[in-house]
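**Student:** Sequence first, then the predicted structure:
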Amino acid sequence: MISINSLTVAYGGFTLLDAIDFHISENDKIGLVGKNGAGKSTIMKLICGLQTPTSGSVEKPNDIRIGYLPQIMEHHRGRTVMEEALTAFDRVDAIQKELDSIGESLSTRTDYESASYMELISRMNDLSDSLSIIHAEPPEVLAQKTLLGLGFKDSDFGRKTETFSQGWNMRIELAKILLSAPDVLLLDEPTNHLDIESIEWLEDYLKGRRGSLLLVSHDRIFLDNVTNRTVEIMLGHIHDYKVPYSKYVELRKERLAQQTAAYENQKRMIEKTEDFINRFRYKPTKSNQVQSRIKQLEKLDRIEIDETDNVRLTVKFPPAPRSGDVVFKATGITVGYPGKVVFRDADIEVKRGEKVALIGRNGEGKTTLMRVIAGELIPFEGEAKSGYNVSMGYYAQNQEDILDKNLTVWETLDNIAVGDIRAKLRDILAQFLFRGEDIDKKVSVLSGGERARLGMAKFMLQPYNLLALDEPTNHMDIKSKEILKQALQAYDGTLIVVSHDRDFLDGLVDKMYEFRDGKVKEHIGGVQEFLEKRKLESLQELERKFGKEDKIPHDVQDEKKEEARVAFERKKNESKEIRRIKHRVDFLEGEIGKLEEKMKEIEKVLSNPTAGDDIMELTRTYLEHKRELDHKTAEWETLMEKLDE
């Protein structure tokens, strides 16, 4: 189906991929594994034709359709979620046009036995099959099922794509690729922004899907559940195993052990033979035996052990300057965005030296709180402030947006380094595996894992006493995660981290804040104590939407029952005035959203006006919308205060 032949990719004097060969057959489900920067994403780009090899080739049928989800992508704006998802069916028109064209051609031809006529018949059948698959259900129904599977709600379908985070836009792009039903799927770390429910849905989809799959993921369980073959990239070469990931790990270990044993046995035999030759080389009585053994060594096939990449991160954070006893404190904060409250009435306190995890489902407010701590977002209500002498290093999820793609790795650090630290830049970059010519690479060509490492390297330039890390391990391979964890355990400052990776958090944090149903709850202790208290097996279980009650732990059932009772009493006693206020709040939130959309459209025009645009009229309209927005926002805030009284 797709054949990779003697493919080499080199940058200057560095060879990334060295004459590799492998074949992707129909219905192969391949896990592509290797360290960050080994060339996994590069192989996918080569298959898609987005990159050209130094030598070798990628051969594939002309009519093959490939669906590619990169780690980093441009997101489309201006459409609703449903409208954007339905663009996956744009090819239906193209298929129908081609079918019509083939039908016209066949109606005028009489060479029924010719090869070209039979090719047209075959092509028409393939296109008809494609249409029948697409039309098995209406496009809207298929799009709805896929979007719901990936975690969207019905109420999200009408929202504009630009109102969603980067992670949710990645889900939209993934939905479009799946809906387009390509022959080959290339997915580069698709689970990075998915919660457990969406991951499980994607697992089921990929297991039941016909067609080939090439998957890059650092999620071992996901790889095991989805793939039936593992291709490892190691130091520019590949090793192909016809088994899923966990079995590959076992076989690889066995193979290296066998190679090592055979190598050691052969080495001892060679040493004994060479010793015999050296001892009796000049004795006439032994000359025949000496010559025989010399020839034996010359003909010997020397056993080689596969090269392994043992280069590892050596992260060590600078000593943290002393801060005040309280590093961050929030009292009664209600936080969100215009038209949406994410969580209410939260009390949060982080003291010097604490290592704190923020846990919970996607969209519950973990990243939102990080933005409050970083000073990027002001609470609607309550007070949030940093303590005395706090200097914070903030690692956001969207490193690809924060890093300047036009700079090199070296320039990224050199542009912000000051004082004596400038002399240590090469050492710092080496700690994060940027050595030799790596430091001259543009940020734009770095893999997701390399960008994650570069973002982390920036923390070495200043002795922060508070590290706020939002999903720092998303693009990191398994070894890099462990090294980072060890460095954070040794770090003498304060840590606040967002993660759902139990292995990473276990033994690292001593306090947790759980985000759930618009509330924030403090839990003292580490991951294990929290899971035992909540009777959960893993942090991922927090991300499930509990269904049948018999699947809910008893303490959670009791909480749900009590919440339901309180909610019923509150609703029963709620006055008509409160209901009127709530109705008005819902209305205002809708109006505020509409006004903001109108203002965005005008801003786009004003930023790049054409000759036919009336700048004065646009400005006047914009200011009118602004005044109306301010008025409605003020009313909304007043009503929200009444509801909270």
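**Tutor:** Structure received. Numbering: from 1, shown residues only.

**Student:** how about the nearest residue to the one residue sitting closest to the centre of the chain, chain neighbours excluded?
**Tutor:** Closest to where the C-alpha atoms of the chain average out (C-alpha atoms, centre = their mean) is Asn192, at 2.8 Å. Nearest-residue entry for Asn192: Asn474, 4.7 Å, with adjacent residues in sequence omitted and distances by C-beta to C-beta, 6 or more residues apart in numbering. For every residue, glycine as well, the C-beta is placed using N, CA and C.

**Student:** List the contacts of that neighbour.
**Tutor:** Residues in contact with Asn474 (C-beta atoms under 8 Å, 6 or more residues apart in numbering) are Glu189, Asn192, His193, Gln397, Gly448, Ala452.

**Student:** how does it look with 10 Å?
**Tutor:** 71, 167, 189, 191-193, 218, 397, 399, 448-449, 452, 499, 501 (C-beta atoms under 10 Å, 6 or more residues apart in numbering).

**Student:** would a markdown table of the residues you listed with secondary structure and distance to Leu235 be doable?
**Tutor:** Putting those into a markdown table (DSSP: H, G, I helix; E, B strand; the rest coil; distance: C-beta to C-beta, whole Å) gives the following:
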| residue | secondary structure | distance to Leu235 |
| --- | --- | --- |
| Gln71 | coil | 22 |
| Gly167 | helix | 33 |
| Glu189 | coil | 22 |
| Thr191 | coil | 26 |
| Asn192 | coil | 25 |
| His193 | coil | 30 |
| His218 | coil | 19 |
| Gln397 | coil | 30 |
| Gln399 | helix | 26 |
| Gly448 | helix | 20 |
| Gly449 | helix | 16 |
| Ala452 | helix | 21 |
| Ser499 | coil | 30 |
| Asp501 | coil | 27 |
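
**Student:** Lowest-confidence entry in these?
**Tutor:** For these, the weakest pLDDT value sits at Gln399, with 62.

**Student:** Check the secondary structure at Ser41 for me.
**Tutor:** For Ser41, the assignment made with DSSP: H, G, I helix; E, B strand; the rest coil gives helix.

**Student:** Mind listing what's buried along the lengthiest helix in the chain?
**Tutor:** Assignment by DSSP state H gives helix 245-280 as the longest helix of the chain. If you call a residue buried by 16 or more other C-beta atoms under 10 Å, then helix 245-280 has these buried ones: Tyr245, Tyr248, Val249, Arg252, Ile277.

**Student:** How far off centre is that helix?
**Tutor:** 40 Å (C-alpha atoms, centre = their mean, to the nearest Å).

**Student:** cool, and stretch 494-507?
**Tutor:** 17 Å.

**Student:** For the remainder of this discussion, apply numbering that starts at 337.
**Tutor:** Taking 337 as the first residue, the last one we looked at is stretch 830-843.

**Student:** Could you tell me the end-to-end distance of it?
**Tutor:** Its first and final residues considered, stretch 830-843 spans 15 Å by C-alpha to C-alpha, to the nearest Å.

**Student:** Adding distance to Val663, write the contacts of Asn810 out as TSV.
**Tutor:** TSV is the format used below for the contacts of Asn810 (distance: C-beta to C-beta, whole Å):
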residue	distance to Val663
Gln407	33
Gly503	27
Glu525	32
Thr527	32
Asn528	29
His529	28
His554	31
Gln733	22
Gln735	24
Gly784	30
Gly785	30
Ala788	25
Ser835	19
Asp837	23
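
**Student:** picking up where we left off before, wait, which of the buried residues of helix 581-616 is closest to Lys676?
**Tutor:** Tyr581 (39.2 Å; C-beta to C-beta).

**Student:** Now tell me what touches the strand or helix carrying Glu818 from outside.
**Tutor:** Glu818 is located in helix 814-826, with elements delineated by DSSP states H and E. Residues outside helix 814-826 that contact it (C-beta under 10 Å, 6+ apart): 369, 371-372, 554-556, 645-653, 691, 767-769, 785, 788-789, 792, 795, 803, 805, 808-809, 812, 831, 833, 835, 837, 839-845.

**Student:** what's the answer for stretch 490-497, then?
**Tutor:** Contacts for stretch 490-497 (C-beta under 10 Å, 6+ apart): 411-421, 476, 479-480, 483-484, 488-489, 499-500, 504-505, 508-509, 929, 932-933, 936.

**Student:** again, only this time at 8 Å
**Tutor:** Residues contacting stretch 490-497 (C-beta under 8 Å, 6+ apart): 411-418, 420, 480, 483-484, 500, 505, 508, 933.

**Student:** can you give me the mean pLDDT across it?
**Tutor:** 88.

**Student:** same thing with stretch 738-750?
**Tutor:** Computed over stretch 738-750, the average pLDDT equals 85.

**Student:** for stretch 848-855, same thing?
**Tutor:** The model assigns stretch 848-855 a mean pLDDT of 88.

**Student:** quick revisit: let me know the closest of the contacts of Asn810 to Asp681.
**Tutor:** Distances from Asp681 to the contacts of Asn810, taken by C-beta to C-beta, are shortest for Ser835, at 24.9 Å.

**Student:** contacting residues for the closest residue to the closest one other than its chain neighbours?
**Tutor:** Spatial nearest neighbour of Ser835, excluding adjacent residues (C-beta to C-beta, 6+ apart): Leu841 at 5.7 Å. For Leu841, the contacting residues are Ala693, Ile695, Val833, Ser835, Gly862, Val863, Leu875, by C-beta under 8 Å, 6+ apart.

**Student:** how about the strands in the stretch 837-981 of the chain?
**Tutor:** In the stretch 837-981 of the chain, the segments counted as strands under DSSP state E, counting those that start in this stretch are 847-852, 855-860.

**Student:** Buried deepest among the ones you listed, which one?
**Tutor:** Per-stretch averages of neighbours, counted by mean count of other C-beta atoms under 10 Å, single out strand 847-852 among the strands of the stretch 837-981 of the chain, with a mean of 20.

**Student:** now the angle between strand 855-860 and that strand, please.
**Tutor:** 160 degrees (axes from the mean of the first three to the mean of the last three C-alpha atoms, to 10 degrees).

**Student:** Could you give the bridge partners of Ala804?
**Tutor:** Tyr730, Ile832 (DSSP bridges).

**Student:** ok, it - how many residues close by?
**Tutor:** 25 (other C-beta atoms under 10 Å).

**Student:** now swap in Arg617 and tell me
**Tutor:** Around Arg617 there are 12 residues (other C-beta under 10 Å).

**Student:** Wait, Gly503 touches Thr527, no?
**Tutor:** No: at 11.0 Å, Gly503 does not count as touching Thr527 under the criterion of C-beta atoms under 8 Å.

**Student:** sorry, back to before: mind listing which of the contacts of stretch 490-497 are in helices?
**Tutor:** Per DSSP H, those map to helices at Val417, Met418, Glu420, Gln480, Leu483, Leu484, Asn505, Ile508, Glu933.

**Student:** Show me just the buried residues among the residues you listed.
**Tutor:** Val417, Met418, Glu420, Gln480, Leu483, Leu484, Asn505, Ile508.

**Student:** among those, which one has the lowest pLDDT?
**Tutor:** Where pLDDT dips furthest among those: Asn505, at 87.

**Student:** Please give me every residue in contact with that residue.
**Tutor:** Contacts of Asn505 (C-beta under 8 Å, 6+ apart): His411, Thr497.

**Student:** could you measure it against Leu841, distance?
**Tutor:** 27 Å (C-beta to C-beta, to the nearest Å).

**Student:** still on that earlier bit, tell me which of the ones in helices among the contacts of stretch 490-497 is nearest to Asp763?
**Tutor:** Nearest member of those to Asp763, counting by C-beta to C-beta, is Asn505, at 37.5 Å.
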